[in-house]
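Chemist: coords please:
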Amino acid sequence: MTDPIADFLTRIRNGLAADHDSVDIPASTFKTQIARILQEQGYIEGFSTEAARVGEVLRVRLRYTEDRQPVISGIQRRSRPGRREYVGALEIPKVLGGMGTTIVSTSKGVMTGHEARRQGVGGEIVAEVW
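Modeler: Next up is the predicted model:
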């Protein structure tokens, strides 16, 4: 697999399209940090790391509205292995005029674009969620 983060986002997207309650993803520290941000921003119910036959699995519990519509209407990978996208603190894009969330990997850890702008650090734009 050349891009495990794109696989992570695609499994979430497919789970929402198939109306699943949760999705299982091979775990890593970086994916756990992205899941933490998604939970803090209210896009997913929660996540847990569990032992699997090989390694660990990250179980993400998806979130829906009361009429069973997905809370995440769009999730997109920005920086890819073939084309990395780095920005300074002042160039971090806003998703849907601030209604969405930009996930940024900085020297101070993985955080939202809003938090990175507030701390004055730039980094790699990992994904956008709305």
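Chemist: after the longest helix anywhere in the chain comes which helix or strand?
Modeler: Looking across the chain with DSSP state H, the single longest helix is helix 4-17. Counting by DSSP states H and E, the next helix or strand C-terminal to helix 4-17 is strand 22-26.
Chemist: now that next one: how far from the chain's centre is it?
Modeler: The chain centre lies 13 Å from the centre of strand 22-26; the measure is Cα atoms, centre = their mean, to the nearest Å.
Chemist: Report the angle between the helix or strand following that strand and strand 22-26.
Modeler: The helix or strand immediately downstream of strand 22-26 is helix 29-40, counting by DSSP H and E. Put simply, helix 29-40 runs at 160 degrees to strand 22-26, going by axes from the mean of the first three to the mean of the last three Cα atoms, to 10 degrees.
Chemist: So which elements touch helix 29-40?
Modeler: If contacts are counted by 3 or more Cβ pairs under 8 Å, 6 or more residues apart in numbering; DSSP states H and E, helix 29-40 sits against helix 4-17, strand 44-51, strand 56-62, strand 101-106, strand 109-112, strand 123-129. Every residue, glycine included, has its C-beta placed from N, CA and C.
Chemist: Dump those to a markdown table, plus mean pLDDT.
Modeler: Listed next are the helices and strands packed on helix 29-40 as a markdown table, based on pLDDT from 0 to 100:
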| stretch | mean pLDDT |
| --- | --- |
| helix 4-17 | 98 |
| strand 44-51 | 96 |
| strand 56-62 | 97 |
| strand 101-106 | 98 |
| strand 109-112 | 98 |
| strand 123-129 | 98 |
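Chemist: Now tabulate the ones you listed in a markdown table and tack on mean neighbour count and distance to Asp24.
Modeler: Compiled in a markdown table, those are given as follows (neighbours: other Cβ atoms under 10 Å; distance: least, Cβ to Cβ, whole Å):
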| stretch | mean neighbour count | distance to Asp24 |
| --- | --- | --- |
| helix 4-17 | 17 | 8 |
| strand 44-51 | 15 | 8 |
| strand 56-62 | 18 | 5 |
| strand 101-106 | 24 | 21 |
| strand 109-112 | 18 | 21 |
| strand 123-129 | 21 | 19 |
